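1. Quick one, what's the 3D model for this:
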Amino acid sequence: MTFATLPGPGDEITWPSYTGHPNDPRAPMDDRDTAIDERAAELLEAPGFTPFSPENLCEALCEADDEQVELLCRLLAEGSTAAAGEALAAITCSYWEPLARKEAERMIDAEDACRCFPSGRRCFYCADE
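-> A predicted model of the protein is given here:
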C-alpha cells in the first residue's frame, strides 16, 4: 500500500460503525420515509390536522382553487351528492395531507438533529425521555 492508496477521513473504511443516523449514507432511506408517513397519519388524526373537522374543512375550502369549487358546485346543482361528497373529500385531503407530511418531516428532522447533538444539553424533545 502506498501513501496515495491509504484510506483517508472521507473513505468508508475509516467511518465508525453504523449507528442509525439519518444523514449517514449507509442509512436506508425507506426507514425515514416510513417514519414520516406514520407520523403524518398520526397527525391527520390529531385535532389540528383532522381534515373533516368543521374548522379544517372550512379552511381547505377557502384555500381550494376556483376549478375545484366550481366542480363541487356543479355536482351539487346536478344533485350528484355522492360525487360531490367525493369531490369535497378530495379537496380537503389534498389540502391537509401535504401539510401533515411537511409537519411530520419537520418534527422527525428536529428529533433526529437533537439525538446526535453531543453537548449534553437536552431540548424539549429529549427532556421527556
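2. From here on, just use CA atoms for contacts and neighbour counts.
-> OK.
3. where do the helices sit along this protein?
-> In the chain, the segments counted as helices under DSSP state H are 29-45, 54-63, 66-78, 81-115, 124-127.
4. Asp11 is nearest to which of those helices?
-> The closest approach between Asp11 and any of the helices of the chain, judged by Cα to Cα, belongs to helix 29-45 at 20.8 Å.
5. Could you tell me the angle between the closest one and helix 81-115?
-> Using axes from the mean of the first three to the mean of the last three Cα atoms, to 10 degrees, the inter-axis angle of helix 29-45 relative to helix 81-115 is 120 degrees.
6. Contacts only, for the spatially most central residue of the chain.
-> With distances taken as Cα atoms, centre = their mean, the residue of the chain nearest its centroid is Arg101 (2.6 Å). Arg101 makes contact with Ile36, Asp37, Arg39, Ala40 under the criterion Cα atoms under 8 Å, 6 or more residues apart in numbering.
7. Report the buried members of those.
-> Ile36, Asp37, Arg39, Ala40 (16 or more other Cα atoms under 10 Å).
8. want to throw the helices of the chain into a markdown table with distance to Thr14 and mean pLDDT?
-> Below are those laid out as a markdown table (distance: least, Cα to Cα, whole Å; pLDDT from 0 to 100):
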| stretch | distance to Thr14 | mean pLDDT |
| --- | --- | --- |
| helix 29-45 | 22 | 86 |
| helix 54-63 | 51 | 92 |
| helix 66-78 | 55 | 93 |
| helix 81-115 | 23 | 88 |
| helix 124-127 | 30 | 56 |
